[in-house]
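Q: Let's see this in three dimensions:
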Amino acid sequence: MRLHHVQVACPPGGEEAARRFYGDGLGMTEVEKPAELAARGGAWFRAYDAAGGVVAEIHVGVEEPFAPARKAHPALLLEDVRALEATAARLAGLGFEVDWSQRHTFPGYERFHTFDEHGNRLEALGA
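A: Okay, here's the model as predicted:
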C-alpha cells in the first residue's frame, strides 16, 4: 500500500490562490483533472522525482461552507535540507509565513510549517 494523494480544501473561487501556494511556492506542477471531476472546481498538483515518477500529489477541492485544516496537514519530504531551505525562501518571498520554531524537534529531519492562503497547514521536511 502507498498513499496516492492528500486532499485539502479551498473556498469557491480559491483556485488561483492555491496555484500560487502549491505551484509557485512549493514548486508542484498543476495537472488536469479528469473531465468528470473538473466541473467541481479545485486544482490538482503533483511533484515528480528526477526520473519523472510521481512522488507527491495534493488535490485542492472546493468546499462550501469552507473551514481550513489548521491542525491536520500534509507533510512533504523534500530531497534534502538545502531543498527545504530553498522552498522556505521561495514561500517567504511570496509572502507566506514560514515557521521554523520546530525545525529540530523531529528526529532525523529538519522541518518548517506554513499555511496556504486559505489557512490550511502544511509541513515540509528535509533530511
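
Q: So for stretch 76-93, what gets flagged as buried?
A: 76-78, 84-85, 87-88, 91 (16 or more other Cβ atoms under 10 Å). C-beta here means a position set from N, CA and C on the backbone, and glycine is covered the same way.

Q: pLDDT of that stretch, averaged?
A: Mean pLDDT, computed over stretch 76-93, is 97.

Q: do stretch 43-53 as well
A: 96.

Q: SS state for residue 18?
A: Under the three-state scheme (DSSP: H, G, I helix; E, B strand; the rest coil), residue 18 adopts helix.

Q: Without its sequence neighbours, what residue ends up closest to it?
A: Excluding the flanking residues, the one nearest residue 18 by Cβ to Cβ, 6 or more residues apart in numbering is residue 60, at 4.3 Å.

Q: In which helix or strand does that neighbour reside?
A: strand 54-62 (DSSP states H and E).

Q: hang on, the earlier thing: let me know the closest of the buried residues of stretch 76-93 to residue 123.
A: Residue 123 has its nearest neighbour among the buried residues of stretch 76-93 in residue 76, at 7.3 Å by Cβ to Cβ.

Q: I'd like the distance between the residue nearest the centre of the chain and residue 73.
A: Using Cα atoms, centre = their mean, the residue of the chain that lies closest to the mean C-alpha position is residue 22, 5.0 Å off. As judged by Cβ to Cβ, to the nearest Å, residue 22 and residue 73 stand 13 Å apart.

Q: Remind me what the helix or strand residue 86 falls within packs against, helices and strands.
A: Following DSSP H and E, one finds residue 86 within helix 81-93. Packing contacts for helix 81-93, counted by 3 or more Cβ pairs under 8 Å, 6 or more residues apart in numbering; DSSP states H and E, involve strand 98-99, strand 110-115, strand 121-126.
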